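Undergrad: Generate a structure from the sequence data that follows.
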Amino acid sequence: MTNITSRSLAISWSYPENDKGNLTAYILDITVNGVCEQKFIYVYNTVNKSSLPSNVSCSNISYIQHNLREHVNQNITDLQPYTNYTVTVIPYNSQVGEQEQQTYQTLTEGTCSLLLY
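TA: So this is what the prediction gives:
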């Protein structure tokens, strides 16, 4: 489910059916034209980041402690109106898992929110 406004996206996902081993993180990338705008990295423990990928370049990175086997809800804010954002969710262990990617367009200013199922 995705909730879209002119300045935010609310997305959610669940634990993958095929985790390819012990899942150590989810990486959530928010990009515009291939450039990272925001990155959220969900981990069991925010203290031990040594098991995470080292190539996480982005100007805005947030580490979030979360039980990775539980459902994840994330509200992405500070977005620009009427802009295409590519949202990528990547399950991660010692290898990068199958990623899910979707492009969403934020609404123009002054329009009602859009709820997609």
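Undergrad: Tell me the spacing between residue 75 and residue 65.
TA: According to C-beta to C-beta, to the nearest Å, residue 75 and residue 65 sit 17 Å apart. Every C-beta, even on glycine, is put in place using the N, C-alpha and C of the backbone.
Undergrad: Could you find the residue nearest the spatial middle of this structure?
TA: residue 28 (2.5 Å; C-alpha atoms, centre = their mean).
Undergrad: Do me a favour and get the end-to-end distance for stretch 38-57?
TA: Distance between the two ends of stretch 38-57: 10 Å, counting by C-alpha to C-alpha, to the nearest Å.
Undergrad: Just give me the neighbour total for the closest residue to residue 16 other than its chain neighbours.
TA: With C-beta to C-beta, 6 or more residues apart in numbering as the criterion, residue 16 has its nearest non-adjacent residue at 5.1 Å, and that residue is residue 91. Here the number of neighbours of residue 91 (other C-beta atoms under 10 Å) works out to 24.
Undergrad: give me the element residue 91 is part of.
TA: strand 84-92 (DSSP states H and E).
Undergrad: That strand: what's the following helix or strand?
TA: strand 100-105.
Undergrad: For the protein, give me the ranges with low pLDDT.
TA: Residues of the chain that meet the criterion pLDDT under 70 lie in 1, 19-20, 46-56, 94-97, 111-117.
Undergrad: Show me where it has its strands.
TA: 2-4, 9-13, 25-32, 35-43, 61-65, 72-76, 84-92, 100-105, 114-116 (DSSP state E).
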